[in-house]
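Participant: predicted model and sequence follow; I will ask about them next.
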Amino acid sequence: MSDTQKNLPVIECRTVTRTYSEGPEKLTIFSDISLQVSPGETVAIVGSSGAGKTTLLNLLGGLDKPSSGHIRICGEDIHGLSEAGRARFRNQHLGFVYQFHHLLPEFSALENVMLPCVLGKMSPRQARPTAEALLGRVGLGERLKHKPGELSGGERQRVAIARALVNNPNCVLMDEPTGNLDEHTGEGIRALIGELQETSGTAFVMVTHDMAMARSLGRVLRLEQGRLVQEA
């Protein structure tokens, strides 16, 4: 990435609208949403079920297209890229963590974390040291060879977080990362995310119903009635 790109917002949305057609009617999920996220910033997006939080996250990740408006990631209009180009861009600049970890069950923790590097054309030999170091940072240095079925829910989510960080992304997008965990395990994940944000310089944008998690982040935005507003 050039020095110019490094000084740009990690995420910049301008007047983004998303609508869906249901027969003759048009359903507006949200309209005229604008959002800017700076390098290293943490942002939580909260709101009721069905408000469009996951839809917004999918737009930010290039997994869905806005009906109107523009989204730039590190200065790049991601929706102006081809499908293959968006996939490459996501691999290089974005990490993803979901409520359900989406680890490959036949792969070990280490192999799951290495996978984004290998998909980015790095050799397994090159990818292994970074993956091992990240698993150590998330407290799983002794569990490298364990498969997801041999790990607890919290451990699987830690593997997913390590996987999201392995390519040193500019931003990690998280969709309810503690939503499938008990309170104690969720608190551990909250602490881990805070620690990683402070030490990695990566921006985090998180959709969550967990207000304790949201308040631990730098900025809380609420998506309601199709608008994104600053939480008091």
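Facilitator: Thanks, I have it.
Participant: name the residues of the biggest helix by length in the chain that are buried.
Facilitator: Ranked by residue count under DSSP state H, the longest helix found in the chain is helix 183-200. For helix 183-200, a neighbour-count test (16 or more other CB atoms under 10 Å) marks 185-190, 192-193, 196-197, 200 as buried. All C-beta spots, glycine's among them, are computed from the backbone N, C-alpha and C.
Participant: between these, which is closest to Pro124?
Facilitator: Among those, Ser200 lies closest to Pro124 (CB to CB), at 23.0 Å.
Participant: pretty sure the closest one is touching Asn167, no?
Facilitator: No: using CB atoms under 8 Å as the test, Ser200 is too far from Asn167 to be in contact (11.9 Å).
Participant: tell me the contacts of Cys13?
Facilitator: Going by CB atoms under 8 Å, 6 or more residues apart in numbering, Cys13 touches 33-36, 59-60, 69-71.
Participant: now the buried members of those residues.
Facilitator: Buried members of those, counted by 16+ other CB under 10 Å: 33, 35, 59-60, 69, 71.
Participant: neighbouring strands - and their directions - for the next helix or strand after the longest helix of the chain?
Facilitator: Proceeding N to C from helix 183-200, the next assigned helix or strand is strand 203-207, under DSSP states H and E. Within its sheet, strand 203-207 is paired with strand 42-46 (parallel), strand 171-175 (parallel), according to DSSP bridges.
Participant: need the residues that contact strand 203-207.
Facilitator: By CB under 8 Å, 6+ apart, the list of residues contacting strand 203-207 from outside reads 10-11, 37-46, 53-54, 56-57, 60, 170-177, 193, 197, 213-214, 217.
Participant: what subset of the residues you listed is buried?
Facilitator: 10-11, 37, 39-46, 53-54, 56-57, 60, 170-177, 193, 197, 213-214, 217.
Participant: any weak-confidence spans in this protein?
Facilitator: Residues of the chain meeting the criterion pLDDT under 70: 1-7, 232.
Participant: all helices for it, in order.
Facilitator: Remark: helices assigned in the chain by DSSP H are 3-6, 53-60, 83-93, 109-119, 124-137, 153-165, 183-200, 211-215.
Participant: columns distance to Lys147 on top of those helices, output as CSV?
Facilitator: Formatted as CSV, the helices of the chain follow (distance: least, CB to CB, whole Å):
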stretch, distance to Lys147
helix 3-6, 38
helix 53-60, 28
helix 83-93, 23
helix 109-119, 7
helix 124-137, 14
helix 153-165, 10
helix 183-200, 19
helix 211-215, 28
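Participant: returning to what we had before: which of the contacts of Cys13 sits closest to Gln92?
Facilitator: Leu60 (15.4 Å).
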